[in-house]
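# how would this look folded up:
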Amino acid sequence: MPTITETATTSPIGRQTPRIDGPFKVSGAAMYASDFNFPGLLYAVPVEATIANGKLQKLDTSEAEKMPGVRAIFHRANIGKIFRSVLQPPSSGIADERRPPLADDVIRYYGQYIAVAVADTFEIAKAAADAVRATYTKDKPNVNLDLQPENEPETVETTHGRLKRLQSERGDPDKAFASAQVKVDQTYVTPAETHNPIELQGTIATWDGQMLTIYEESQAVFNLRSVLAQMFGLPKENVRVITKFVGSGFGSKLWPWTHCALACAAARQLGKPVKLVLSRRMMFQSVGHRPRTQQRVRLGATNEGKLVSLMQDYLNDLDILGGYHENCGESTSYFYSVPNLRVHWGRTRRNIGSPTPMRGPGAVPGLFATESAMNELADQLKIDPVRLRELNEPKIDEGKGIPFSSRHYLECLQLGGERFGWANRNAEVGSMKRDGLILGWGLSGAAWISGRFPAQASVELRDDGSARVACGTQDIGTGTYTILAQLVSDKTGVPLNKIEVVLGDTSLPPGPISGGSLVTGSVVPAVFEAADNAITSLLTVATTEPGSAFGNRTRDDLAFESGRVFAKADGPAKGVPFSDLLHRTNMRLVTGSGKSEGTLDDKKPKVSMHSYGCHFVEVTWQPATARLRVNRVVTVIDGGRIINPLAGRNQIEGAVVMGIGMALLEHTIYDPQNGAPINSNLADYLMSVNADAPLMEVHFLDYPDTDVNQLGARGIGEIGLAGVAAAIAAATYHATGVRVRELPISIEDLLTSSILT
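Numbers count the residues shown, from 1 in each chain. Have a look, this model is predicted:
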């Protein structure tokens, strides 16, 4: 099978490339949203509700307003009009929390904003916010962990529009399950998880008449512009969103949150720029989290291991007013071959802030459940879990009845098993030992969507031999700046250090959101078309402008390669650098624009586009101290063509470490008395750190998927997390004999192990 190798290449595509934005970040030159400063800048700090269920009866702002340096305490009565936004199909105006800030006096979650203090300094604004006194009538909040479906109709409103709760169905799964020779019927639970990117969320808002400009760490600048235009009754062209760099987001910065509207409203009222940056504690309350999920999975199979029935019934919790749906069934209908299948979902409301997408939304918790069930089925059948997956490999996407654009899942399993040494596995629980430790081996499959969002780009070729590429997408720390530079360099021959990449601004050509691992796949066609059109303009200049060495040629006589214009009959060696041509014709630059259409809204797709992968995991178990550690991971990804293997491996390694946190550490705990997130800090919210990182191998298969774009490149930011927790849970069972179906795996779970001596 073809795999990515380290051989030298003249093209920047496929070459290990350090990020071009790296020097800006390590030198401090990179400007993040809260780094900007303006004359007369004021600071805002929200006032938060200290209950999760009730009503605000009285707000006493008198002491706060007397403080020197306080400009205003804004609340419902004086904040000014903020309109409610709506979804604008197919994919604009998205927001998880639709209620405008301060819209009413009903408190629905702990930390809900009830006012905002604005002052000359942050310290004064914080003191003023703390001085505001609130009186409530309160009821006991519902943050119950046991999820029971609400009585919703079969078609419901969600963040992204109307969806059917019966997600997928074929055959007669109930009858097939009832008569199956071997059955698994278990419930799997994943907890609420909080994103916790390094960069805190915040907004700087400035007004110039009816023109609103905001600096925000957004993963979707054009969507944010759409929502703000609605909330403040402005045409879209009157709103500009700037996001030059993002200190990661993991999904928490995809959609607008109410602090942004508060900053804009305060700046409008005062006629001054306003900066509002959330605290770490606020990040646990009002800017989203991965919701708690509860999934019943039923598998029916023959004694030989062939699936005959698969049923997945899943629930997620959500806020009181919102419509969030955690799509745990995203990969279920197509991942394995099964003639009888049903995927159905429901939701249950709690007194919590709105959930939002978190890296690998839906598929990550969904695959924890379905892949764990597959591993349990393999154990029941006493069959190798790799073999079980081979037996159930589909020939087509059975959910849609269409072929796969590219699918090499079995090759992932083959290569992963070889690199891991899976053939040496002894399936007996607790049987494998090394250096006084018990070893546990487990595996899981992985899958993630592929396709394109609509995208536009522009490319300039300049008389100094440099190039500029612009696109209104954003780089959230995943390497988008570098990818665009590689694409332009491949087309034009301009070296990477002479390419300016401009992103993160709604004044640029519209670009895709940084979500779904779809940016790379989306921008390739747009950037290539823009570069081609710039080159076409250059050839027109060569044949029509005075001073050109090609004035006696037609455009069809000429070609462009490696930065040189040349006559086809003479070859590139006798060509002219495009910078010389522009100099001779007294032109500063030529430009080209390009665009590509999206694929996700295609109602009748011809092929099923996804990425695939697998994880093989080794844990060590020390019975005397009940210590479990992830020791080694081998991951293989079928992600199409990898444009930058260096950044690609970094993406997968980071995802694996995040998966260790998901399996063993991360969960947000809500106080049943007041609804507050208890562990709302980086000391008590445990995440995997450097000391938890295992030995890791990452391998990419090299199968370009040209149904996605002409390079065959697919995004890989999220697939690396999918399945990791299931593989760790399987390895934990192999080592300890304890089957854990609710994450995170805890010491208390493992104390029930019979292997403690």
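# wait, what's in contact with Q210?
Q210 sits next to 234, 238 when contact means CB atoms under 8 Å, 6 or more residues apart in numbering. For every residue, glycine as well, the C-beta is placed using N, CA and C.
# Distance of it relative to Q57?
Distance, Q210 to Q57, using CB to CB, to the nearest Å: 36 Å.
# chain center to whichever strand or helix holds S309: distance?
Element membership for S309 (DSSP states H and E) is strand 307-318. Strand 307-318 sits 23 Å away from the centroid of its parent chain (CA atoms, centre = their mean, to the nearest Å).
# Stretch 68-77 too?
Taking the mean of its C-alpha atoms, stretch 68-77 sits 36 Å from the chain's own mean (CA atoms, centre = their mean).
# so how far does it reach from one end to the other?
Distance across stretch 68-77, first residue to last, is 22 Å (CA to CA, to the nearest Å).
# list the buried ones in it?
With burial defined by 16 or more other CB atoms under 10 Å, the residues of stretch 68-77 counted as buried are 70-75.
# Looking at these, which one is closest to T635?
Nearest to T635, judged by CB to CB, of the buried residues of stretch 68-77 is F74 at 49.2 Å.
# So for that closest one, what's the nearest residue that isn't a sequence neighbour?
In space, and not counting its chain neighbours, F74 is closest to V116: 5.0 Å by CB to CB, 6 or more residues apart in numbering.
# tell me which strands and helices the lengthiest helix in the chain is in contact with?
Looking across the chain with DSSP state H, the single longest helix is helix 519-544. Packing partners of helix 519-544 (3 or more CB pairs under 8 Å, 6 or more residues apart in numbering; DSSP states H and E): strand 455-462, strand 467-470, helix 480-492, strand 558-561, strand 564-567, helix 578-584, strand 589-596.
# So in that sheet, which strands flank the fourth one, and in what orientation?
Strand 558-561 has the following strand partners under DSSP bridges: strand 564-567 (antiparallel).
# and what of the last one?
If you go by DSSP bridges, strand 589-596 pairs up with strand 455-462 (antiparallel).
# Just checking, which helix or strand succeeds the strand holding S309 along the chain?
With DSSP H and E, the next secondary element past strand 307-318 is helix 332-335.
# Contacts for the next helix or strand after that next one next, please.
Next along the chain after helix 332-335, taking DSSP H and E as the criterion, comes strand 341-349. Contacts to strand 341-349, defined as CB under 8 Å, 6+ apart, come from residues 142, 147-150, 152, 156, 165-171, 173-174, 309-320, 324-325, 328-329, 332-333, 398-399.
# among those residues, which ones are buried?
Of the contacts of strand 341-349, these count as buried by 16+ other CB under 10 Å: 142, 147, 156, 165, 167-168, 171, 173, 309-320, 324-325, 328-329, 332-333, 398-399.
# Report the contact partners of T635.
Taking CB under 8 Å, 6+ apart as the test, what T635 contacts is 416, 613-616, 652, 656, 696-699, 720.
# Make a PyMOL selection of the buried ones in the residues you listed.
For the buried members of those, the matching PyMOL selection, counting by 16+ other CB under 10 Å, is:
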select buried, resi 416+613+614+615+616+652+656+697+698+699+720
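# of all the contacts of T635, which comes closest to D749?
Taking CB to CB as the measure, D749 sits nearest to H615 out of these, at 20.8 Å.
# Nearest residue to the closest one in space, please, no chain neighbours.
A727 is the one closest to H615 (CB to CB, 6+ apart), at 4.4 Å.
# can you list the weak-confidence ranges in the stretch 1-150 of the chain?
1-9 (pLDDT under 70).
# And for the chain, the residue most distant from the center?
Centroid-distance maximum for the chain: N552 at 53.1 Å, with CA atoms, centre = their mean.
# Tell me the pLDDT of K603.
K603 is assigned 88 on the pLDDT scale.
# can you check A446 too?
98.
# before we move on, which element is it in?
Using DSSP H and E, A446 sits in strand 437-449.
# Show me which positions of that strand end up buried.
Those would be 437-449, for strand 437-449 by 16+ other CB under 10 Å.
# And stretch 693-708, by the same measure?
694, 697-705, 707-708.
# Report the separation between the two terminal residues of that stretch.
Start-to-end span of stretch 693-708 (CA to CA) is 33 Å.
# One more: stretch 337-357?
28 Å.
# And it, how far out from the chain middle?
18 Å.
# you'd agree D638 is up against Y612?
Yes - counting by CB atoms under 8 Å, D638 touches Y612, with 4.4 Å between them.
# Mind listing the shared neighbours of the two?
Joint contacts of D638 and Y612 (CB under 8 Å, 6+ apart) are 407-409, 412.
# What is the most widely separated pair among those residues?
R407 and C412 (9.9 Å).
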